[in-house]
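[1] Okay, structure incoming, though there's no sequence with it:
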C-alpha cells in the first residue's frame, strides 16, 4: 500500500511496546518472539470483515475492541496468557481520523490486556481486520475441546445472549446501553481461563452461540450433553429487554458473547467456586455431559426443547 | 461463515499434517506450538487482496503460491527455518472448484517447504488470503535489517526484475512463460537465508523492489548505499523481453521478485561463495554500504543515475 511505511510509523509503531518475550517488534521482515522454558505457544487467527462481523460505519474503537476481544477469547479458552499479536489491516483508503481512533483504542486494549503489538501489515482493499494472537501456557496444561467425560458438569461464565440482543440494538443505531456494550466491547475471560487450568476437562469460547459451540466440544470429545434451559444465566438487562422465550433463544443460539463454556468433574465443584470468587466472574452450572453425540436442551421437567434456532422462533 | 466447519473439514483438515513442533493443529480455539530449546520464533503476517496483490480471476494455485511465497520469503530474510502457518481466508461465496484447486496447491506447497498448517479460519467477504507464518531460528542468530556497516558488500540472490515483467505478461493473460512463472510462483530463498546466518550483517527480502527495500536496510542501519547498475543480475529471459533500460529499471524498482538482499563484510566473500555453491542460487555483489543515508545508483563510470522509477522512464 502506498505510504504503508509512514502510516505504520505514525499510528502503530508508537503503540508497539517491546515487552518481555518480544525480542524484535515491528519494522523488520519478521517479529522475533521468545517463550519461557517449560511453556508452549498458543496461536489463533481471526478476520473481522465490515458488514459481516461489524456493521458498516461502525466506530473504529468498536472494531478494535471486537477484533481484540474475539482473538483474546480464543486464548482464554485454552487457559493461555496473552503474549503478543500481529495485526493485518485492509483499508479502502487512508482515513486519518479512522486510523487515529483505531490506533488509540488499540493502545488502550494493549495496556488493559498486557499484550504486545509485535508486527503487522497494511493493504488496500475493503475494510477488514485480521489479527493473530499469541499466548503462552505451561507445557501440557492447555485446556482442549476434547477432554469432556461422561458425568462432567457443564458450566458457562458470565451471562448469555446479551451480545445477540446488543447487536439488534446496534443495528438500530443504539450504541449507548449495557447490551450494546456487551456486543461492542467483549470482555475476554482471560483470568477465568487461566484459573481453570487443571480444573476444566474441556473448554471453548462462545463466539457462535452456546448450542453450536457446545456441539463442537461434544464432537471433539465423542460425547453428548444435556443443557437445562432454566439454569441458563440471563442478565436482568436482557430479561427486561425482550420476552423470556426470546432471551432463552438468544442465550442458546446467539453468538458474540465471548464467554467461556467448560466441563469439569463433579469432584471439582469447590475448585470451580474458588476460581469464581477469585475472578469475580460468575460460573454457572448449566448441564451435564452424557453418552451419545447430541446436545439436548430440556425444560425444568426434563422435556426436550426444540433443537435449533428456527424452531425456537415458535417456542 | 455458514458451513465454515464442514469446509475446513473437507478441504483443509486433510492437508494439516501434524509435524514436530505442532502439538495441536486445526480444530480447537488455538493451535499449540513448541520450539526446541535454544530457539526463538520468527513470525510474519501478510494479506493478499484480489485486484491488488493478484489479478482478478487469478488461478487459485497462483494465489496459493504467491501467498506462501511472500510469507516464506519473510522467514528467509531472517535466516529462519519454516515451522508452521495459520491461514485466514475470506471468500465471497463457497466456490467448490476454487477451494479444491487452492487446497491442492497448498498441500503441494506444504510438502515442498516442510511447513505445517496449524490453524486458520474462513470468513465471508471479498477474496483475500491472510497468512501468518511461523519460523524458528537459534537464539540471537536471526539476521536483522539493522546490522549493515560502512564498507560492507551488498549482494542479491538470483535475478531481479523478472517478476515485474512477468506481471505485465500476466495482465495480458499470458501465464505460460518463464517471466510470468517468476511472478506467479515465487521461490522463497529459505536455504540461502539459513546459510547466511553468521555471515550476513543485514538482510531483507525484495518484495517492493531493490531500491525501496535497500532503503529500508539503510534506514534501519543508519547508513547509505551505492548500487552499481551494471552489476545487477538480469536474466536472459528478461533481457530478451524488453530494452536494457527497461530491464535495469525493473531490476531496481519492480517488486515481487522475493529474492534476498543482504550485506556482508568483505572478509566474508569466500563464505558467501560457499553458500552460493551449496544452495545453487547465484549471489551477486552489486554494491557497497557507505556513510550517509541515501541509496545511490551509479553507472560503470560511477556517475549517479536517476533516483526514482518516474525519472527512470527517461533513462
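    In hand now; what should we look at? Note that the structure is a prediction, hence the values are computed from the model and not measured. Residues are numbered from 1 along each chain as shown, chains lettered A, B, ... in the order given.
[2] how about the strands of the stretch 51-200 of chain A, start to end?
    For the stretch 51-200 of chain A, the strands defined by DSSP state E, counting those that start in this stretch occupy A:81-91, A:116-124, A:128-138, A:153-157.
[3] Distance to chain B for those - can I get that in CSV?
    Glycine gets a C-beta too; all of them are placed from N, C-alpha and C. Below are these laid out as CSV (distance: least, CB to the nearest CB, whole Å):
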stretch, distance to chain B
strand A:81-91, 4
strand A:116-124, 5
strand A:128-138, 4
strand A:153-157, 14
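[4] among these, which gets the worst mean confidence?
    Of all these, mean pLDDT reaches its minimum on strand A:116-124 (a mean of 89).
[5] other SSEs contacting that one?
    In this structure, strand A:116-124 packs against helix A:4-7, strand A:31-33, strand A:81-91, helix A:96-113, strand B:39-49, with contacts taken as 3 or more CB pairs under 8 Å, 6 or more residues apart in numbering or on different chains; DSSP states H and E.
[6] Export these as CSV, with columns for mean neighbour count and distance to residue A:147.
    Formatted as CSV, the helices and strands packed on strand A:116-124 follow (neighbours: other CB atoms under 10 Å in any protein chain shown; distance: least, CB to CB, whole Å):
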stretch, mean neighbour count, distance to residue A:147
helix A:4-7, 15, 44
strand A:31-33, 25, 28
strand A:81-91, 25, 20
helix A:96-113, 17, 26
strand B:39-49, 25, 27
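[7] got these as JSON lines, with distance to residue B:198 columns?
    Shown next, in JSON lines, are the helices and strands packed on strand A:116-124 (distance: least, CB to CB, whole Å):
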{"stretch": "helix A:4-7", "distance to residue B:198": "29"}
{"stretch": "strand A:31-33", "distance to residue B:198": "16"}
{"stretch": "strand A:81-91", "distance to residue B:198": "27"}
{"stretch": "helix A:96-113", "distance to residue B:198": "35"}
{"stretch": "strand B:39-49", "distance to residue B:198": "15"}
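[8] how does chain A divide into domains?
    A:4-138, A:145-312 (automatic domain parsing).
[9] what's the spacing between the first one and its chain's center?
    Between the centre of domain A:4-138 and the centre of its chain there are 15 Å (CA atoms, centre = their mean, to the nearest Å).
[10] before we move on, the earlier item: now for the helices and strands packed on strand A:116-124, which one comes closest to residue B:307?
    With CB to CB as the criterion, residue B:307 lies closest to helix A:4-7 of the helices and strands packed on strand A:116-124, at 17.2 Å.
[11] Quick check: bridge partners of the spatially closest residue to residue A:266 that is not a sequence neighbour?
    Among residues not flanking residue A:266 along the chain, residue A:153 sits closest, at 5.8 Å (CB to CB, 6 or more residues apart in numbering or on different chains). On the basis of DSSP bridges, residue A:153 is bridged to residue A:264, residue A:288.
[12] How many neighbouring residues does residue A:153 have?
    Look at residue A:153: counted by other CB atoms under 10 Å in any protein chain shown, it has 19 neighbours.
[13] Phi, psi for the residue nearest to residue A:215 when sequence neighbours are not counted please.
    Excluding its sequence neighbours, the residue lying closest to residue A:215 (CB to CB, 6+ apart) is residue A:295, at 5.2 Å. With angles defined as degrees, to the nearest 10, residue A:295 sits at phi -100, psi 120.
[14] mean pLDDT lowest for which of the helices and strands packed on strand A:116-124?
    Note on the helices and strands packed on strand A:116-124: helix A:4-7 shows the lowest mean pLDDT, a mean of 66.
[15] all helices for the stretch 201-315 of chain A, in order.
    Here the stretch 201-315 of chain A has its helices, by DSSP state H, counting those that start in this stretch, at A:210-221, A:236-241, A:244-253, A:269-279, A:309-312.
[16] returning to what we had before: could you identify which of the domains of chain A has the lowest mean pLDDT?
    domain A:4-138 (a mean of 91).
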